[in-house]
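Q: build me a model:
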Amino acid sequence: MPDYPIPKRTTDEQLLKVVQGYYSTGGHNNPVSSTEVDDIIGTSDVTGRQTSFLEEIGIVGKDGRQRMLTDSGSDIGEALMGNNEDLAREKFRTLLNDWEFTEKITGFVEMGDEPTDEALTQYIKSNASSDDARGISALVDLLVWSDILEKNDSGDYITANDPVTASDPDHESGQTPSNPRQGDQDTKKDSSAQEQSQFQSNGSDQFNISFEFSADDDPQDIEETITAARRAIELDLSDD
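A: Numbering: from 1, shown residues only. Down below sits the predicted model:
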């Protein structure tokens, strides 16, 4: 069973500062040392302890004895620098969802009864490369912050459902997310309109027929009405 690297002796907030520190130090353009990052975020020997985890999930890559932000890591660092936490969260969630250990953790959470803090901690501890309690807590907090896990009313862990993304127009405008069925309804309405225009352009004679529909009308009823009118006129023309 593989031992997955996790954060070490840190918090989720401090780990995000490390990522931001890489960006501030120029790690998105050139390789930098962990000491340089520590200097800019005002810590000592914190960055080096997170290297294995950050490499594992794809935020930094090795370049000799130094590290450089990946494209995804650069996006996260830039978002954190610009105080765009929603975008940073979305990018971080993508990386974590691609990580094998995240799949195992969410599988454990979904396997049976919602696990408590203690049960989830024990599961991570048995599969991680470190049994550091702060590191395990930091990983769980990152999974919650990234909208991968959440707590139910009883305080137990469950998998998060349909996180709102920073690029969602409803999220940006502060509006309630749109009805997921709306797209299907719009498609059906578009189909009805196309059928009407095709009918008007067919044949040697032209007919202008007006239909009045409202947004409350069922798209299926609209389509059936237009189809019935078309068939009736086609029959009338064939009789002539």
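
Q: going forward, measure contacts and count neighbours with C-alpha atoms only.
A: OK.

Q: check contacts around residue 40.
A: Residues counted as contacts of residue 40 (Cα atoms under 8 Å, 6 or more residues apart in numbering) are 21, 24, 25.

Q: neighbour-wise, which of these leads?
A: Within the contacts of residue 40, most neighbours by other Cα atoms under 10 Å means residue 21, with 24 neighbours.

Q: what's the weakest-modelled helix or strand in this structure?
A: helix 182-201 (a mean of 43; mean pLDDT, DSSP states H and E).

Q: pretty sure residue 25 is touching residue 38, no?
A: No. Residue 25 lies out of contact with residue 38 (Cα atoms under 8 Å); the separation is 9.7 Å.

Q: pretty sure residue 61 sits in a strand.
A: Yes. Counting by DSSP: H, G, I helix; E, B strand; the rest coil, residue 61 is found in a strand.

Q: can you get me a residue count around it?
A: 20.

Q: count of residues packed around residue 82?
A: Using other Cα under 10 Å: residue 82 sits among 12 other residues.

Q: skipping adjacent residues, who's closest to residue 62 in space?
A: Residue nearest to residue 62 in three dimensions, not counting chain neighbours: residue 68, with 6.5 Å by Cα to Cα, 6 or more residues apart in numbering.

Q: that's a strand at that neighbour, yeah?
A: Yes. Counting by three-state DSSP, residue 68 is located in a strand.

Q: can I assume it is in contact with residue 31?
A: Yes. Residue 68 lies in contact with residue 31 (Cα under 8 Å); the separation is 4.4 Å.

Q: and the residue nearest to residue 62, what are its bridge partners?
A: Beta bridges link residue 68 to residue 61, judged by DSSP bridges.

Q: got a list of what it touches?
A: Contacts of residue 68 (Cα under 8 Å, 6+ apart): 22, 27, 28, 29, 30, 31, 32, 60, 61, 62.

Q: give me the element residue 10 is part of.
A: Per DSSP states H and E, residue 10 falls between elements, in no helix or strand.

Q: that one: how many residues sit nearby?
A: 20.

Q: do the same with the one 3 residues further on
A: For residue 13, the tally of surrounding residues (other Cα under 10 Å) stands at 12.

Q: same deal with the one 4 residues further on?
A: Summarising burial for residue 17: neighbours were counted as other Cα under 10 Å, giving 21.

Q: now do the strands in the protein.
A: 60-63, 66-69, 149-151, 157-159 (DSSP state E).
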